[in-house]
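**Q** Below are the sequence and a predicted model; questions follow.
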Amino acid sequence: MLQRTMVVNEQVHCDGSSIWTNSEGISGIVQRIEVRGYVGRGYVGESCDWILVDVYHDIPMWEIYTDKGFECDVSRIISDHLGIGVDVSFTEQGMQELGIASMEPVRKRSIANLFNWLDS
């Protein structure tokens with residue numbers, strides 16, 4: 001497993017698109033982002049490489065899950081911090097925690113960029 005942490009302390013804004021709550025106008029600070037990469041083989045020998053992105057924030061609710069404004073701001077923060085393009089999206093609802101948004105890269109380019117950063 002590869003793992004690195006970005007300390008960012010940057011503001012994020014929700015745009016109201018969460019399906020779980022009225023998230024319009026909700027904002028907070030992302031303190032850090034932890035990125036973990038796994039490289040391995042699946043049950044039938046296929047590659048099962050994947051990346052998990054945990055976003056530590058001070059918004060006192062998990063119901064911001066699915067908010068596109070939050071996703072866009074976190075993608076921008078990661079991209080600015082690394083100097084490369086990375087787009088992330090929320091993982092499944094059951095992985096969300098109070099103060100920790102579980103996210104993952106959504107494009108092959110984003111996955112490759114994060115693996116390259118993890119391995120540097």
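**A** Perfect, I can see it now. Source: prediction; values computed, not measured.

**Q** how about the helices of the chain, start to end?
**A** Counting by DSSP state H, the chain has helices at residues 68-82, 108-118.

**Q** With mean neighbour count as extra columns, can I get those helices in TSV?
**A** In this view, the C-beta of every residue, glycine as well, is placed from N, C-alpha and C. What follows is the helices of the chain, written out as TSV (neighbours: other Cβ atoms under 10 Å):
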stretch	mean neighbour count
helix 68-82	19
helix 108-118	17
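
**Q** so which of these comes closest to G99?
**A** helix 68-82 (13.1 Å; Cβ to Cβ).

**Q** I'd like the helices of the chain written out as TSV, with mean pLDDT and distance to S17 added.
**A** Shown next, in TSV, are those (pLDDT from 0 to 100; distance: least, Cβ to Cβ, whole Å):
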stretch	mean pLDDT	distance to S17
helix 68-82	98	5
helix 108-118	93	20
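
**Q** could the ones you listed go into CSV alongside distance to V8?
**A** Formatted as CSV, the helices of the chain follow (distance: least, Cβ to Cβ, whole Å):
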stretch, distance to V8
helix 68-82, 5
helix 108-118, 14
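
**Q** any low-confidence regions in this protein?
**A** Applying pLDDT under 70 to the chain flags the ranges 41-48.

**Q** and if we set it to 90?
**A** For the chain, the stretches with pLDDT under 90 are 1, 39-50.

**Q** Grab the most central residue of it for me.
**A** M103 (3.5 Å; Cα atoms, centre = their mean).

**Q** quick one: that residue from C72, how far?
**A** For M103, the distance to C72 (Cβ to Cβ, to the nearest Å) stands at 12 Å.

**Q** for E104, same thing?
**A** 15 Å.
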